[in-house]
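Colleague: The following comprises the amino acid sequence and a computationally predicted model.
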Amino acid sequence: MTLPWSYSALPTRPEGTWPNGARIALWVAVGVESYRPDEGMTEDILPRGAAPDLVNAAWRDYGNRAGAFRLFDRLAGIGIRPAVLLNTNLYDEAPEVLVAARAVGAEIVGHGLSNSDSLTDLPAGTEAAYVAKVAGRITAEEGAAPGGWSSPWLVHTPTSLASLAGAGYRYLLDLRLDDQPVWLDTGAGRMLAIPYAAELNDSTTMVGRQADARSFAAMLRDEAAELSLSRHPVVMSVVLHSFITGQPWRLRPVAEALAQIAAMDGVWCATPAEIFAAVQANPALAAG
């Protein structure tokens, strides 16, 4: 396999800042997800039981009934407009979530039709149509095409980048190979990989590794403190899910940490679209 990026060492790049003089561009993702009961991929809090698995289904659905609204309100109070990683089936299943997302100025990012899906499990020859269908639904509902894509389960096929570029996506929110955005060669034009920290992610860390919420909050503070020492314009990402950090006991320490980070000197609370626009205006903000 040939990787779709070229090597570049951070110390060899130009120093600088983001457009407002910040050293850190902070963006926060909120996964808002749809699952087919007892079918396909699922996120579970307990070992999956026999169908019907009502306990895990209820845990996931909490995010669309309560957690998303609580998360959006807390982020808005901090001054953070989230990037909503959206399974577009939610336009039909939980439209009030999208009303709330629009009210806080969220950016809508393509994240598949359902989180029971995976690009690697799609029937042969259907990937391009699938990612285009997601873009088409967002365009119809929001009045503008999505710029960003984040793959369900962070998986890709050998043709995924080309399919995404062909459908009009301009930046990918799946990879952290660097502290700065990196241009990818898709085979169908360039796409910008905006750093996505797989470990500053409530799913992989608080559920997958069973870290408690206060330990996760400490991780966020430490990341911001260390990145603030950089002489280069860097990106910090935090990935939350409506049914995980939307739980009140997790949200309080995480929101407190994000409020402290957002108030730090040199932190710009941005959306992926704003980061992409800044790189377009100043190519030196990206690596390669």
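Modeller: Alright, I've got the coordinates.
Colleague: which ones are touching residue 221?
Modeller: Going by CB atoms under 8 Å, 6 or more residues apart in numbering, residue 221 touches 257, 260, 261. (Glycine included, C-beta is placed from N, CA and C.)
Colleague: That one and residue 207, how far apart?
Modeller: 21 Å (CB to CB, to the nearest Å).
Colleague: and what of residue 201?
Modeller: Residue 201 is 9 Å from residue 207, by CB to CB.
Colleague: ditto for residue 226
Modeller: The gap separating residue 226 from residue 207 is 25 Å, by CB to CB.
Colleague: hang on, the earlier thing: can you redo the contacts of residue 221 as CSV with distance to residue 80 and pLDDT?
Modeller: Compiled in CSV, the contacts of residue 221 are given as follows (distance: CB to CB, whole Å; pLDDT from 0 to 100):
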residue, distance to residue 80, pLDDT
257, 12, 98
260, 12, 98
261, 9, 98
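Colleague: and which of these is nearest residue 83?
Modeller: The closest of those to residue 83 turns out to be residue 261 (CB to CB; 16.2 Å).
Colleague: That closest one sits in which helix or strand?
Modeller: Under the criterion of DSSP states H and E, residue 261 resides in helix 248-262.
Colleague: And that helix, what does it pack against?
Modeller: Counting by 3 or more CB pairs under 8 Å, 6 or more residues apart in numbering; DSSP states H and E, the packing neighbours recorded for helix 248-262 are strand 24-32, helix 68-78, helix 213-227, strand 234-241.
Colleague: now with 10 Å?
Modeller: Judged by 3 or more CB pairs under 10 Å, 6 or more residues apart in numbering; DSSP states H and E, helix 248-262 is in contact with strand 24-32, helix 68-78, helix 213-227, strand 234-241, strand 267-269.
Colleague: any idea where the helices of this structure begin and end?
Modeller: 54-62, 68-78, 90-93, 95-103, 127-142, 160-166, 213-227, 248-262, 272-281 (DSSP state H).
Colleague: most packed of these?
Modeller: helix 160-166 (a mean of 22; mean count of other CB atoms under 10 Å).
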